[in-house]
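Visitor: A structural model of the following input is requested.
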Amino acid sequence: MPPSMPCPSIRIPVELLTQSSFSQFGTVIENPAHSPLPPSQRGPPLEAVSANQGSALKILDVTHPSNLYSLAPSKKPAKAVMNMFVCAPRDLRPHEPSDSMPSSWGDLDFDEDDYGNLDRELFDVQILERHPFTTQTFIPMGLSGNERHTQYLVIVAPTLPASASRRNTGRPPPYPTPEVKKPKSIKDIFARARPSPFTNEAAPPPSQFSRLHPSARPKGPGLPDLKNLRAFVATGNQAVTYGAGTWHAPMAVVGSRPIDFVVSQFANGVGIEDCQEVELLADPDAEEGVVVMVDTEPSGKVQIKAGPGAVKSHL
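Guide: Now for the predicted structure:
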């Protein structure tokens, strides 16, 4: 059994998955031409070059894989691995009115009756996991970008500071990842002075993580920040990379059929270094736990209720 943490009653609206909205958690891989956002909202264009004798467009650096296993307690090296996950549609429960409010979205009213013929259901988030030393990329196969009957939810949370994690649960975070030990040799201590007696540098050398995309840098050993949990809906045109250490729910397919995902990451075979989990248990006096609100059209298409492209959300 994974360790657990208490959680309040929180209902989370679904957002559109875009690179700008997802940037703190990882990267979204998609052909910019298929982006659901208008061109003015897509951000800077990706670098691209001609390839295959002019018959293809090669879009460069679409995601940022990282291998941080040099920080793992075992020091066991990792290798790149690719697996396939065949993810069946999740069971959703019928919508019930609740006093729970979307966490970081403020005073949004999602329990009004003005929803026409939408099918309103709820997905209970019961567990979150993270891969502290590796990015993890999910690539859907055989799912059209225009598919309306099946999509998938990407549910993520920021990481709390370790001190807040201990204060909120009364115990240390699950499987804490160690901090990098500070150098203690006399030479290393003097080398930190500026200007350094060993070089002509007037500034300290950059962090070994400064070259990484911000989402791919270590997140620390803290528990998930449930009050800022986010839920996005993705289509067959989109793959997603979770940044190293990003708390996320196991892949959640909604709709009528399974989705096959090719999953790329690094792994060293040490269980708690490859994957760490925490179970979310509703407080005894809570009406429910962490819930994602899934509203769908008769065709099965999930409706966006927060952020860019939102419909029927009331500020």
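
Visitor: Any idea what Asp295 is bridged to?
Guide: Asp295 forms beta bridges with Arg120, as assigned by DSSP bridges.

Visitor: repeat for Ser4
Guide: With DSSP bridges as the rule, Ser4 is bridged to Glu279.

Visitor: residue contacts, it?
Guide: Val278, Glu279, Leu280, Leu281 (CB atoms under 8 Å, 6 or more residues apart in numbering). Just so you know, the C-beta spots here come from the backbone N, C-alpha and C atoms, and that holds for glycine as well.

Visitor: show me what contacts the second one?
Guide: Glu279 makes contact with Met1, Pro2, Pro3, Ser4, Met5, Gln126, Ile127, according to CB under 8 Å, 6+ apart.

Visitor: By neighbour count, sort out the buried ones in those residues.
Guide: Met5 (16 or more other CB atoms under 10 Å).

Visitor: for the contacts of Glu279, which one is nearest Thr246?
Guide: Set against Thr246, the nearest of those by CB to CB is Ile127 (14.7 Å).

Visitor: Tell me the spacing between the spatially closest residue to the closest one that is not a sequence neighbour and Gly222.
Guide: Once flanking residues are discounted, Ile127 sits nearest to Glu279: 5.3 Å by CB to CB, 6 or more residues apart in numbering. Between Glu279 and Gly222 the computed distance is 16 Å (CB to CB, to the nearest Å).

Visitor: before we move on, the earlier item: among the contacts of Glu279, which one lies nearest to Gly289?
Guide: Set against Gly289, the nearest of those by CB to CB is Gln126 (7.3 Å).

Visitor: For the spatially most central residue of the chain, report the pLDDT, please.
Guide: Compute the mean C-alpha point of the chain, and by CA atoms, centre = their mean the closest residue is Val156, 4.0 Å away. Val156 is assigned a predicted lDDT (pLDDT) of 97.

Visitor: give me every residue that touches it.
Guide: Phe22, Phe25, Gly26, Leu229, Arg230, Phe232, Tyr242, Thr246, Trp247, His248, Ala249.

Visitor: Does it belong to a helix, a strand or coil?
Guide: Of the three states, Val156 takes strand under DSSP: H, G, I helix; E, B strand; the rest coil.

Visitor: For it, give the beta-bridge partners.
Guide: With DSSP bridges as the rule, Val156 is bridged to Arg230, His248.

Visitor: Tell me the spacing between it and Ala80.
Guide: Counting by CB to CB, the gap from Val156 to Ala80 is 23 Å.

Visitor: now do Pro132
Guide: To Ala80, Pro132 is 17 Å away according to CB to CB.

Visitor: what do you get for Met141?
Guide: From Met141 across to Ala80, the span is 19 Å (CB to CB).

Visitor: do Leu68 as well
Guide: With CB to CB as the criterion, Leu68 and Ala80 are 13 Å apart.
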